[in-house]
Each structure stands twice: as structure tokens, then as C-alpha cells.
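>>> Got a sequence here, can you model it:
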Amino acid sequence: MADAPKRNPQSDKPANQRGAARLAAVQALYQMDIGRASLEDTLAQFGSFHLGREIEGEQYLPADADFFRQIVSGVTKHQLEIDPAVDRALADGWPVERVDATLRAILRAAAFELLRRQDIPPRVVITEYVDIAKAFYEDDASGLVNGTLDAIAREAGSDLKETR
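Just a heads-up that it's a prediction; the model follows:
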């Protein structure tokens, strides 16, 4: 019998747990958008079945479950503020509702963090969600995400200089 895979200690670091939470939040928001699942059902399903587990052969990284809930709940609670901010940042004639559902979930989650989580540096938020876009798309979607989030951060008055 083969040795069991060893845990990667890098995956247990808080930053990676937040990255995993962001990815799970995008997946949950997509599911809510497409499947019309309720917030409560989605949070329960992801909390019980997705975060940090293997499902259908896919290993989900350990995620910061509280951060995941904050993003998904925050997008739902503040969607009337988030969608207009995304609309203003997108090209004229392309409101958020016309954007692909996965991109819409990415933009909404990131916009929530940029607008409502001043404790997280905007560059971190933008980089994380551009990476998520790269995981889902091979085309220039990551450039669209980068430009849109940069515009949202600037409109929100965020200082986009890297913080170290």
C-alpha cells in the first residue's frame, strides 16, 4: 500500500486558509446565483461538505470558515451597494448581470472586500481574486478582473500602494 500523502504545512497557514475561503465563497456565490439556493442552505452545505474535505476526487483546501461566511453573507447583505459599484467599474453597456456567472461571483466577492473590509489591503484582495479568475479561465478574464477591481478600489478611495 502506498504511503498516505503528507500534509503540506503551507496549506495550514492563515493566508492560505483565507485564499481557500475566497475560492469557496466564489463557488458558493455562483451556486446561489445559478441554483437560486438560499444563503442559509449554501452556508450549511459548504460548511458541512466542502471546506477542507475531498469531494468527488477533488481535495478542498482547509479554509477559514468564518471568513468564508463573512464574504458570502456580506455579498448577500450588501448586494445593492456592490452591484452598482461593479457596474460603474465595468465597460459601458456591460452591467454585472450581463457578465458570466463565475466572473460575476468573483467580482461581487472581491467588491465586498474592497468596499467593506478596510482591514485587508486592496492589493491583497485584487491579487487573490485575479488568481481565482486564472484558475477558472484561460483567456483574458484575469485582466478584466484586475481592471475592474482596481477601478472599484480607486472609487472607494483605497490606497493601492503595496503595504509591507
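>>> switch to C-alpha atoms for all contacts and neighbour counts from now on
Noted.
>>> which phi and psi does Phe112 have?
The phi and psi values for Phe112, taken as degrees, to the nearest 10, are phi -60, psi -50.
>>> so how far is Ala133 from it?
16 Å (C-alpha to C-alpha, to the nearest Å).
>>> At which residues are the helices of the chain located?
Ranges of helices within the chain are 14-35, 39-45, 65-77, 79-89, 101-116, 122-136, 141-155, based on DSSP state H.
>>> Could you pull up the contacting residues of Ile34?
By C-alpha atoms under 8 Å, 6 or more residues apart in numbering, the contact set of Ile34 is Ala101.
>>> measure it to Arg104 for me?
11 Å.
>>> Tabulate the helices of the chain in TSV, adding columns for mean pLDDT and distance to Pro95.
Shown next, in TSV, are those (pLDDT from 0 to 100; distance: least, C-alpha to C-alpha, whole Å):
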stretch	mean pLDDT	distance to Pro95
helix 14-35	88	15
helix 39-45	86	23
helix 65-77	94	17
helix 79-89	95	5
helix 101-116	97	10
helix 122-136	96	18
helix 141-155	95	12
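>>> right, so these: which one is the most enclosed?
Of all these, helix 101-116 carries the top mean neighbour count, a mean of 24, counting by mean count of other C-alpha atoms under 10 Å.
>>> elements contacting it?
helix 14-35, helix 65-77, helix 79-89, helix 122-136, helix 141-155 (3 or more C-alpha pairs under 8 Å, 6 or more residues apart in numbering; DSSP states H and E).
>>> Arg98 is nearest to which of the ones you listed?
helix 79-89 (10.0 Å; C-alpha to C-alpha).
>>> can I get the CA coordinates of that closest one in CSV?
Written as CSV, here are the backbone C-alpha positions of helix 79-89 (Å, rounded to 0.1, in the frame of the first residue of the first chain):
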residue,chain,number,x,y,z
GLN,A,79,-25.5,43.5,-2.9
LEU,A,80,-27.4,46.7,-3.5
GLU,A,81,-24.2,48.6,-2.9
ILE,A,82,-21.9,46.1,-4.6
ASP,A,83,-23.6,45.6,-7.9
PRO,A,84,-23.7,49.4,-8.8
ALA,A,85,-20.0,49.7,-7.8
VAL,A,86,-19.2,46.8,-10.2
ASP,A,87,-21.4,48.3,-12.9
ARG,A,88,-19.6,51.6,-12.7
ALA,A,89,-16.2,49.8,-13.0
